[in-house]
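>>> 3D model of this:
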Amino acid sequence: MQGVKRRVVYVGLYELVAILLSALLLKWITGAGAGHSTAIAVVASAVAIVWNLIFNYGFEQWEKHRQQQGRSLGIRLLHALGFEGGLVIFLVPLIALILKVSLLEALLMDLALLAFFLIYTFVFNWAFDELFGLPAAVTA
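This next block holds a predicted model:
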């Protein structure tokens with residue numbers, strides 16, 4: 001599976017699981033009710049979908065210009081760190097707004113989510129590549 005179809009399947013699967021897991025995790029971390037936790041999870045998912053499409057397109061363009069083919073452990077870590085790092089920039093203000101907390105409190109909450117999702121992103125990407133194969137940019 002390649003191109004737009006690959007990206008749509010990737011984002012859909014990633015975000016479906018992410019919404020479920022992050023709503024549960026946020027409820028546990030923040031003590032907020034299910035409504036607030038679900039709202040943050042849905043907003044975060046929407047932001048993540050847009051960021052995911054932009055980031056993965058750019059990452060695959062970068063991969064096209066590399067001399068080495070394939071995705072090593074280091075490249076997978078770079079991918080996960082880049083994606084999650086960008087997401088922190090977008091999500092902290094949203095968490096602060098929804099939960100009516102300071103940016104510092106929102107950052108601490110987001111860092112807890114980041115720790116979980118850094119591992120989740122790494123594992124999901126590896127599993128996705130194993131299941132659907134690598135994108136053409138990596139194997140060409």
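
>>> What pLDDT does the model give the residue lying farthest from the centre of the chain?
The C-alpha centroid of the chain is most remote from residue 67, which lies 26.3 Å away (Cα atoms, centre = their mean). pLDDT recorded at residue 67 is 74.

>>> Can you classify it by secondary structure?
Following DSSP: H, G, I helix; E, B strand; the rest coil, residue 67 is assigned to coil.

>>> Around residue 13, how many other residues sit close by?
15 (other Cβ atoms under 10 Å). C-beta coordinates here come from the backbone N, C-alpha and C atoms, glycine included.

>>> quick one: the residue farthest from the centre of the chain from residue 45, how far?
From residue 67 across to residue 45, the span is 36 Å (Cβ to Cβ, to the nearest Å).

>>> Likewise for residue 103?
Distance, residue 103 to residue 45, by Cβ to Cβ: 21 Å.

>>> Of these two, which one has the most company?
Per other Cβ under 10 Å, whichever of residue 103 and residue 45 has more neighbours is residue 45, with 18 against 13.

>>> from memory the more buried one sits against residue 19, does it?
Yes: Residue 45 is in contact with residue 19 according to Cβ atoms under 8 Å; the separation is 4.9 Å.
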